[in-house]
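> Quick one: sequence and predicted model below, then my questions.
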Amino acid sequence: VEASIPEPQRAAWNKYAPKPFESAEEFDKEAVRHIETTLARSMYNCDEAAAYAGTALAFRDRLVIDWNKTQQNQTFADQKRVYYLSLEFLMGRALDNAMLNVGQKETAKQGLSDLGFRVEDIITQEHDAALGNGGLGRLAACFLDSLASLNYPAWGYGLRYRYGIFKQEIIDGYQVEVPDYWLDFNPWEFARHDITVDIQFYGYVNKYQDDDGKQVCSWEGGEIVQAVAFDVPIPGYGTPTTNNLRLWGSKAASGEFDFQKFNSGEYESSVADQQRAETISAVLYPNDNLERGKELRLKQQYFWCAASLYDIVRRFKKSKRPWKDFPNQVAIQLNDTHPTLAIPELQRILIDQEGLDWDEAWSIVQKTFGYTNHTVLPEALEKWSVPLIQHLLPRHLQIIYDINLNFLQYVERNNPKDREMLGRVSIIEESNPKMVRMAYLAVIGSHKVNGVAELHSDLIKTTIFKDFVKIYGPDKFANVTNGITPRRWLHQANPRLSELIASKLGGYGFLKDLTLLHKLEAYVDDKDFRKEFQEIKYANKVRLARHIKEVTGVSVNPAALFDIQVKRIHEYKRQQLNIFGVIHRYLAIKKMSAEQRKKLAPRVSIFGGKAAPGYWMAKTVIHLVNEVGRVINADKDVGDLLKVIFIEDYNVSKAEIICPASDISEHISTAGTEASGTSNMKFVLNGGLIIGTCDGANIEITREIGENNIFLFGNLAEDVDELRHAHLYGNFQLDAELSSVFDAIRSGMFGDAGQFSALVNGIVEHGDYYLVSDDFASYCKTHDMIDEAYKDQEEWVTKCITAVARMGFFSSDRCIDEYAEMIWNVEPLQPKVDGANGTNG
Ligand code: 8GP
């Protein structure tokens, strides 16, 4: 309040308040000013990178105007806000998204052309913001887009990694990791050097009686690291609402301590302290669906939770409301268990710092948090060792023990007959060393727990959280099936399809209400529409073929069937099944007569995805794909009938080129292992069909689009246990076709067979945990059906159009409305329209 401009001077201020550009001319004025002054360049020294920077800064100014107003409006309205805590936000590029969301892409296109640039070339200058591994991080990014587009007062909180997910290079067929230093020029963030939080680590707990004789604890000593806020504006589509993503960077706490060291001649060691502090936010851990229990990772988690909660609590306290109102003002969603420490941290703030009783505090905590689970894979479930937490966060460990004690007493009271349950549900696993089970803590500290697709939400209730359903009843557990933002994954990635749809539906309303797509079914027999739909798919395949040629040197025929599997490389996602299928196809082609070959639809098998650097088996799969590609692509006898491509460094901006270019995409995880999948939705929304197992969201996609429009195969989740058992007890006969594939590999057809022996032996000798052999026959048969179906292009297009028309359910807008109603209890806040603030679109 003290810092505001006095009333009489506000007229002057308002007179000069910036206005958003509305025409190409006004855009050029802003862009040129930024290039000349902000960047100190000239027209004689303006390459595409500089033009990108000028364009981005001009758009940033526009976003900032709306962002400031949104924040003022939200502060003034003072209603309940959502805080989405995620260690990953896989944002991709921001400029194209900003242009489309504020509805000024045409303006920029015209303006840039006046300056001698093509908008597409400028957009591709931007470095992806790749602060995530895969599905979980991209989901968070889609959610931010939907929250803003639907006008929810919402903040994202994350870490500002200096290095995002590594860049993948393929050298001699092997994955090589290269650091992703992405912050050289990032116009989308604002460093808030005035918004800092001191974060404490280590130290000890001091117990004493306060003046009223009450037992109190305080956490003392240890070391302090400072969190600095970096804010990123998140524009909604077709609304001025612009939300905030706050990312915390770490640095050494400024203060006397450093000075003392400096003065006593320990300059170097004080610099070392500085660097040690900065390492907390230095790097994103590159594991997807795997936890490795590294101390620095735990430090990241606490650092980010503590800074975010401090910020949230500080904002709440400004309202001067009583503490019991906290859950009416604040909803915090935990994106997986990574932010679970926020639970004991809020309890600590309330009891140690704000003086609330335990029970009063705990009731606030439980009402505040919701927890989303994203996996049932045991290796991905977080556990932290008790000694490590004791050392790093001594007060939190005490609180966790107290939470556990209260919880176990409650369980015992309600289930006196099942004493073994106590050991099973305890937050503390009685191993050596003892471990804290973060998922249990998250369940106990939240009022709602959700899975991310129906099958997954059912599975968590019968497997990892079975006892908790007994304890709390089924209503604590919910399902919110994942979705994707149609702005990026249709409008931005596939502008021609978006335009075609808009031409039939009378405008772009479907981008805000994706269920409107159902009206497309009326055009399924419309000749012109079908023709254009096909042409667009072809053009998108040409675009991908060009990219493939550029980066791999291999020419692929855009008329071939494009069969794509892009996602993190993981045994459970079964890229090995795909590549074995490709080898099987190759062996079959080699045996075919000229007549038979004529009847076969040419195929391009496209793979892409990163393996965690320490995941040897996944790296072996990448190597095999590349070796198989090397052999097949050079086989003149096979020619266009089969090509095998590995696209290096799969990321969000590549996905925008890849997803619109598939005929078939593969979502073939062992049933029961893929919580949802979200690229399945992206591919279908872009007019491609999918081959998939009955897993994750594939099941609901099938329900929505109809089983004639999807190629399902393989065993069901309910059969997995028995099949695994059969493997382990020798009750299994290897499929003959798969056996031939293994023989080919063993023969050295794809290079030194020894390199792939673990991959083959995992199936033949070590129990085939992911059931590749069980599903191989039905997988190959289904691919044969795909070949047949593809020959009938008329029927194929009908399937594709019908599927697109029925994808309305999978918008992340629908997810966000479900979270808002069922979990957060928050309402949208309509933006203030004041003329100067109008965004169109
Ligand atoms: C992923 C799931 O594997 C994927 O099926 C789902 O679509 C996505 O989350 C979004 O819900 N899960 C993870 O990435 C994950 O669990 N990561 C680490 C926490 C282990």
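Thanks, I have the structure now.
> from here on, contacts and neighbour counts on C-alpha atoms
Noted.
> Which parts of the stretch 451-600 of the chain are helices?
Taking DSSP state H, counting those that start in this stretch as the test, the helices found in the stretch 451-600 of the chain are 454-462, 466-472, 486, 495-505, 527-552, 575-591, 594-599.
> Pipe these into CSV and attach mean pLDDT and mean neighbour count per row.
Listed next are these as CSV, based on pLDDT from 0 to 100; neighbours: other CA atoms under 10 Å:
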stretch, mean pLDDT, mean neighbour count
helix 454-462, 98, 21
helix 466-472, 97, 16
helix 486, 98, 27
helix 495-505, 98, 17
helix 527-552, 98, 17
helix 575-591, 98, 20
helix 594-599, 96, 11
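> Looking at those helices, spot the one closest to residue 67.
Shortest distance between residue 67 and these, using CA to CA, is found for helix 486: 22.1 Å.
> ok now that closest one, how far from the chain's centre?
A distance of 15 Å separates the centroid of the chain from that of helix 486, by CA atoms, centre = their mean, to the nearest Å.
> Which residues does that helix contact?
Residues outside helix 486 that contact it (CA atoms under 8 Å, 6 or more residues apart in numbering): 511, 514, 811-812.
> can we see that at 7 Å?
Helix 486 has contacts (CA atoms under 7 Å, 6 or more residues apart in numbering) with 511, 811.
> Residues of the stretch 351-500 of the chain that sit close to the ligand?
Neighbours of the ligand within the stretch 351-500 of the chain, by CA under 6 Å from any ligand atom: 374-375, 380, 452.
> Name the nearest residue to the residue in the stretch 251-400 of the chain that the ligand sits nearest to, ignoring sequence neighbours.
Nearest residue of the stretch 251-400 of the chain to the ligand: residue 289, at 3.7 Å (CA to the nearest ligand atom). Distance criterion CA to CA, 6 or more residues apart in numbering; nearest residue to residue 289, sequence neighbours excluded, is residue 380 at 4.9 Å.
> and that neighbour, how many residues sit next to it?
15 (other CA atoms under 10 Å).
> What residues does it make contact with?
Shown in contact with residue 380 (CA under 7 Å, 6+ apart): 289-291.
> likewise residue 567?
Residue 567 touches 608-609, counting by CA under 7 Å, 6+ apart.
> how close does it sit to residue 226?
Applying CA to CA, to the nearest Å, one obtains 36 Å for the distance of residue 567 from residue 226.
> could you point out which element follows the lowest-mean-pLDDT helix or strand in the chain?
Least confident helix or strand, the chain: helix 256-263 with a mean of 60, by mean pLDDT, DSSP states H and E. Next helix or strand after helix 256-263 toward the C-terminus (DSSP states H and E): helix 267-278.
> Can you give me the domain assignment for this protein?
The chain breaks down into these domains under automatic domain parsing: 21-77+94-127, 82-93+128-479, 486-810.
> From one end of the second one to the other, what's the distance?
When you say that, I think you mean domain 82-93+128-479. For domain 82-93+128-479, the end-to-end distance is 19 Å (CA to CA).
> Check stretch 430-441 too.
Span of stretch 430-441 from end to end, CA to CA: 15 Å.
> how about it: buried residues?
By neighbour count with 16 or more other CA atoms under 10 Å, stretch 430-441 contains the buried residues 435-441.
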